[in-house]
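J.: using only what follows, build the 3D model:
(chains A and B, ligands or ions: 2)
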Amino acid sequence: MNGIVKNSDLAPTSAASARAPLPAPSPPSRLGVLRGQARLVVLPVIAAALVITGWEAVVRIKQIPNTLLPAPSAVAIRLTETLPFLLGQAVPTTLETIASFLISMVLGISLAVLICKSRLMRDALYPNIVLFQLIPKIALAPLFIVWLGIGSTSRITFGVFISFFPVVVATLTGLTSVDRDLLRLCKAVGADESRIYAKVRFPAAVPHLFSGLKIAITFAMIGVIVGEFITAQAGLGYMILFAASQAEMTLIFASIVVLCVIGLVLYGIIVMAEALALKKYGA
Amino acid sequence: MLAQVETFKAITAARVRKVYETPSGPVEAVAEAGFEIARGDFVSILGPSGCGKSTLMLMIAGLESTTSGTITLDGLQVSGPQTDAGMMFQDPTLLPWRSVLDNVLFPIDMRGAVSSESRTRAESLLRMVDLWSFRDKRPRELSGGMRQRVALARALVNDPRILLMDEPFSALDAITRDEMGYALARIWDTTRKTAIFITHSIREAIFLSDRVLVMGRRPSTIIEDVRIPFERPRDPSIEADPRFNELYLHLKASIHRTTGAQ
Ligand SMILES: Nc1ncnc2c1ncn2[C@@H]1O[C@H](COP(=O)(O)OP(=O)(O)OP(=O)(O)O)[C@@H](O)[C@H]1O
Ligand SMILES: [Mg+2]
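T.: Ligands and ions are numbered 1, 2, ... in the order given. Model (predicted):
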């Protein structure tokens, strides 16, 4: 049958097309050639590059003044000129963010353990901690200055204030995620509480804990920057405020770029730690 | 050990009652349970869902208090967690971050008592449940039946006096479940530990047990106590025995009577 069907004879009703398989999935688009990991990295980069190019083009074509919206190229030039200075300003911001984060982590985990261990503590504290979250915490920043002065103590404390809660919730979720029968087994074999925490509850909480830590690090940075806005002493937050008062738009953007990079690096460190921990403690 | 101790029943329950206090009022989980289990007997408990079987087992293990009545193990009254009861649950409850061998060692590790002898014991148990070649694997790499075999080895690692199993095979598919039943019968034959086995499968109960107790619907008591006469070691072929079917129909009828009564 096939033999007598010439190419020119192919019609929708011909035997060849009747036997043809279902239409193949449409051929991959050009971008579809990228697969897997490469695609996950390359596509966002292309998208970001397009936005930046568009931004540059709009600023140039419309001749928007630098004091209103600087072109990315102008920001880049300013960034290279001022990089050593900006990095100097980044040091206190980074250190205070890390300090806030570490304190939040210790405080958050301790509170979670307290709440998990004691029924009394849970009933007394947990509703308050949750209610506490309904306060728009940024609005309280000036209070910290009044109480703790304009030094790094008040910025770090404020960073802790807004970043410890996610750690409490995530850790508590993890600590209480342990199967009831498994806890019964622990009791039945005569395990004491501290062993149950060390060998069962904490390992089970590890994946949850990291989801809390990832939120905490970004919140800690927000807290420190807001603190720098208010105390106006040093740091990238202060630089942004200062540059704004001088209408130095390129400097503002250069500072923001440095902030973004620091934020990414800190977040990346936690993601890497998480990957290591999940290798051991993941399901 | 004193000869007299041997005459004690391994497990006794006398007028045991359990009422859970819940926010929506008291729930009577067990109304009045009484039985005696001889040392080395394998006893199954059948009964409708929610009739208090798990509660009864937890009270025997000392993990739930009795509201009234007394339970004894080897003549001693149960008043707290019984560290020499090996336990199995419907879920294997293995620790995903531990290897199979370390999961078997878990009960000993939780008392900080891992030694080279306990390690040797865990290894021989893994051979017994046919998981020797999987000793370094993580639980996620095992099938459901294999995980329950790890849980069985873990339950035996302390060399407990009694074995308490709460529907250990209920989450398995029918074929794996049968295989697990045969494996448990074989392993139990080598240890002959006093065992309580909760199940919803009448056939499983008959095949494994020396005695089958039936609990009635809540508030519940023991309404039937049937002795299973088959010789040990048992072979799957006993299911073809007419007595097997007779026992099956008898137990089935008494369970239906309890469910129909409500
Ligand atoms: N911790 C608890 N608090 C309050 N009520 C409970 C508790 N545990 C069990 N109950 C109630 O006690 C009754 C008996 O429960 P139990 O789990 O012992 O039944 P079961 O026979 O094991 O049921 P199943 O066959 O479904 O496993 C049920 O009504 C249950 O709701
Ligand atoms: Mg149950």
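J.: quick check, pLDDT for A:Leu31.
T.: Looking at A:Leu31, its pLDDT is 53.
J.: how about the one 10 residues further on?
T.: At A:Val41, the pLDDT value in this model is 88.
J.: any residue of the longest helix along chain B up close to ligand 1?
T.: What stands out as the longest helix in chain B, according to DSSP state H, is helix B:242-261. No. Remark: helix B:242-261 sits outside contact range of ligand 1, by CB under 6 Å from any ligand atom, the gap being at least 11.7 Å. The way it works is simple: take the backbone N, C-alpha and C, and place the C-beta from them, glycine included.
J.: same question for that helix, mean pLDDT?
T.: In this model, helix B:242-261 has a mean pLDDT of 88.
J.: just the helices in the stretch 51-200 of chain A please.
T.: Using DSSP state H, counting those that start in this stretch, the helices found in the stretch 51-200 of chain A span residues A:72-117, A:119-132, A:141-148, A:152-175, A:180-188, A:193-196.
J.: deepest of those helices, which one?
T.: Neighbour counts (mean count of other CB atoms under 10 Å in any protein chain shown) averaged over each of those peak at helix A:152-175, with a mean of 24.
J.: which residues touch residue 72?
T.: With no chain named, the answer covers chain A. A:52, A:55-56 (CB atoms under 8 Å, 6 or more residues apart in numbering or on different chains).
J.: look at chain B instead
T.: Listed by CB under 8 Å, 6+ apart, the contact set of B:Thr72 reads B:8-9, B:11-12, B:78.
J.: go again using 6 Å as the cut-off
T.: B:Thr12 (CB atoms under 6 Å, 6 or more residues apart in numbering or on different chains).
J.: returning to what we had before: show residues contacting the longest helix of chain B.
T.: In contact with helix B:242-261 (CB under 6 Å, 6+ apart) are residues B:48, B:202, B:206, B:214, B:216-217, B:224, B:238.
J.: again with stretch B:23-43
T.: So stretch B:23-43 is in contact with B:9-20, B:52, B:55-56, B:192, B:194-196, B:208-211, B:219-222, going by CB under 6 Å, 6+ apart.
J.: buried stuff in that stretch?
T.: B:29-33, B:35, B:37, B:39, B:41-43 (16 or more other CB atoms under 10 Å in any protein chain shown).
J.: closest one to B:Arg232 out of the residues you listed, please.
T.: Ranked by distance to B:Arg232 (CB to CB), the buried residues of stretch B:23-43 are led by B:Phe42 at 9.1 Å.
J.: leaving out sequence neighbours, find the closest residue to that closest one.
T.: Distance criterion CB to CB, 6 or more residues apart in numbering or on different chains; nearest residue to B:Phe42, sequence neighbours excluded, is B:Ala195 at 4.6 Å.
J.: ligand 1 contacts on the stretch 1-150 of chain B?
T.: B:20, B:22, B:27, B:29, B:47, B:49-55.
J.: which among those residues end up buried?
T.: Burial by neighbour count, judged by 16+ other CB under 10 Å, picks out B:29, B:47, B:51-55 from those.
J.: tell me the pLDDT at A:Asp134?
T.: Careful, residue A:134 is Leu and not Asp. A:Leu134 is given a pLDDT of 86.
J.: over to A:Leu86?
T.: 95.
J.: what of B:Val104?
T.: For B:Val104, the predicted pLDDT is 98.
J.: give me the element it is part of.
T.: Secondary structure assignment for B:Val104, by DSSP states H and E: helix B:100-109.
J.: same question for B:Glu231.
T.: Of the helices and strands defined by DSSP H and E, none includes B:Glu231.
J.: gap between it and B:Pro242?
T.: Remark: distance between B:Glu231 and B:Pro242 (CB to CB, to the nearest Å) = 15 Å.
J.: B:Gly40 now?
T.: Taking CB to CB, one finds B:Gly40 at 27 Å from B:Pro242.
J.: repeat that for A:Leu69.
T.: 93 Å.
J.: which one of the two has more residues nearby?
T.: Comparing A:Leu69 with B:Pro242 by neighbour count (other CB atoms under 10 Å in any protein chain shown), the higher total belongs to A:Leu69, at 14 against 7.
J.: spatially nearest residue to the more buried one, not counting backbone neighbours?
T.: A:Val59 (6.0 Å).
J.: isn't that neighbour right up against A:Ala74?
T.: No. With contact defined as CB atoms under 6 Å, A:Val59 does not count as touching A:Ala74 (8.2 Å).
J.: got any residues that touch both of the two?
T.: With CB under 6 Å, 6+ apart as the test, A:Val59 and A:Ala74 reach no residue in common.
J.: part of a strand, is B:Tyr213?
T.: You called it Tyr, but residue B:213 is Leu. Yes. Checked against DSSP: H, G, I helix; E, B strand; the rest coil, B:Leu213 lies within a strand.
J.: just the pLDDT for it.
T.: 97.
J.: so for the longest helix of chain B, what gets flagged as buried?
T.: B:244, B:247, B:250-251, B:254-255, B:258.
J.: check which helix or strand covers the residue nearest to B:Phe42.
T.: Here B:Ala195, judged by DSSP H and E, is contained in strand B:194-198.
J.: what helices and strands are in contact with that strand?
T.: strand B:42-46, strand B:162-166 (3 or more CB pairs under 6 Å, 6 or more residues apart in numbering or on different chains; DSSP states H and E).
J.: how about those strands in JSON lines, adding mean pLDDT?
T.: Output for the helices and strands packed on strand B:194-198, formatted as JSON lines (pLDDT from 0 to 100):
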{"stretch": "strand B:42-46", "mean pLDDT": "97"}
{"stretch": "strand B:162-166", "mean pLDDT": "97"}
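J.: tell me which of those sits most buried.
T.: Mean neighbour counts for the helices and strands packed on strand B:194-198 (mean count of other CB under 10 Å) peak at strand B:42-46, with a mean of 25.
J.: after that one, next one along is what?
T.: Next helix or strand after strand B:42-46 toward the C-terminus (DSSP H and E): helix B:53-60.
J.: quick check: residues of the stretch 1-150 of chain B near chain A?
T.: Proximity of the stretch 1-150 of chain B to chain A, by CB under 6 Å from any CB of the partner chain, involves residues B:61, B:63, B:81, B:83, B:85, B:87, B:89, B:93, B:96-97, B:107, B:110-111.
J.: 10 Å - rerun?
T.: Applying CB under 10 Å from any CB of the partner chain, we find that the stretch 1-150 of chain B lies next to chain A at B:54, B:58, B:61-64, B:80-98, B:106-113, B:138-140.
J.: which ones among those lie within strands?
T.: Those of those mapping onto strands are B:85-88, per DSSP state E.
J.: distance of the closest residue in space to A:Glu193 that isn't next to it in sequence from ligand 1?
T.: In this structure, A:Glu193 finds its nearest non-sequential neighbour in A:Lys117, 7.3 Å apart by CB to CB, 6+ apart. Applying CB to the nearest ligand atom, to the nearest Å, the value for A:Lys117 to ligand 1 is 20 Å.
J.: noted, bye for now.
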